[in-house]
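Participant: This is the structure alone, sequence omitted:
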């Protein structure tokens, strides 16, 4: 079975500073994908970034980067230059194996509050 | 605008009542999913459909049924609602062009009294 763990229930960050959100995962599959989604207070789920297990480079999307450490089974999200609009819940998720139909397993989330 | 549309956005039911959550997408995606999100938790997969005419159980299917009516529509039915089914329900789709990304609807908030 796949498992995603986010150990930080909530955190504060000062505007314009960087923040790292932790995510560890557990799977026996060799092929898997890791995702981060943002959920603002309005409730929608917004895709941020994706990392495949065979990707050699860490994924980056604008101010978001994924610090992928395969041996440690971690996929931390780094948000650089935080903005007030970054205040939201952030979910790490994993797809394990393509036979699984791209079903995602989600972590419990981390709430980020950006302070001005 | 292209996307995933869920109806209704809000619903209150009494225990034992039935209802259907509707999901429609205009992105021509093959795969569709229903997730639920309980307070303070991540999403859990209820059912999914890899293509028109096929459905499979996810992590928490008990108490639900689904219908993939056509390529555009994927409905979730609660036959006899229970308070434990109070949750926010999300429909999602996946297309081949961005095969790794799920696109979510805005969610449907269901309260069962």
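Facilitator: Right, received. Where do you want to start? Small disclaimer: the values here were computed from a predicted structure and weren't measured.

Participant: so which strand or helix has residue A:38?
Facilitator: Here residue A:38 sits within strand A:32-39, counting by DSSP states H and E.

Participant: and that strand, does that touch chain B?
Facilitator: Yes: contact of strand A:32-39 with chain B (C-beta under 8 Å from any C-beta of the partner chain) involves A:33, A:35. For glycine as for every other residue, the C-beta is placed from the backbone atoms N, C-alpha and C.

Participant: which strands and helices sit next to that strand?
Facilitator: strand A:46-52, strand A:64-69, strand A:74-79, strand A:88-96 (3 or more C-beta pairs under 8 Å, 6 or more residues apart in numbering or on different chains; DSSP states H and E).

Participant: So for residue B:29, which of the ones you listed sits nearest?
Facilitator: With C-beta to C-beta as the criterion, residue B:29 lies closest to strand A:46-52 of the helices and strands packed on strand A:32-39, at 13.9 Å.

Participant: Could you look up the next helix or strand downstream of that closest one?
Facilitator: By DSSP H and E, the next helix or strand past strand A:46-52 is strand A:60-61.

Participant: Show me where the chain dips below the pLDDT cut-off.
Facilitator: Just so you know, I chose chain A. A:97-102 (pLDDT under 70).

Participant: Chain B is the one I meant
Facilitator: B:1-2, B:97-99.

Participant: Geometric centre of it: which residue is closest?
Facilitator: residue B:34 (3.0 Å; C-alpha atoms, centre = their mean).

Participant: Please look at it and residue B:76 and confirm they touch.
Facilitator: Yes: assessed by C-beta atoms under 8 Å, residue B:34 is found in contact with residue B:76 at 4.8 Å.

Participant: shared neighbours of these two, which are they?
Facilitator: B:21, B:23, B:46-47, B:64, B:66, B:89, B:91 (C-beta atoms under 8 Å, 6 or more residues apart in numbering or on different chains).

Participant: Kindly reformat those as TSV containing neighbour count and distance to residue A:26.
Facilitator: Formatted as TSV, these follow (neighbours: other C-beta atoms under 10 Å in any protein chain shown; distance: C-beta to C-beta, whole Å):
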residue	neighbour count	distance to residue A:26
B:21	22	31
B:23	25	30
B:46	22	22
B:47	22	24
B:64	19	27
B:66	24	28
B:89	23	27
B:91	27	27
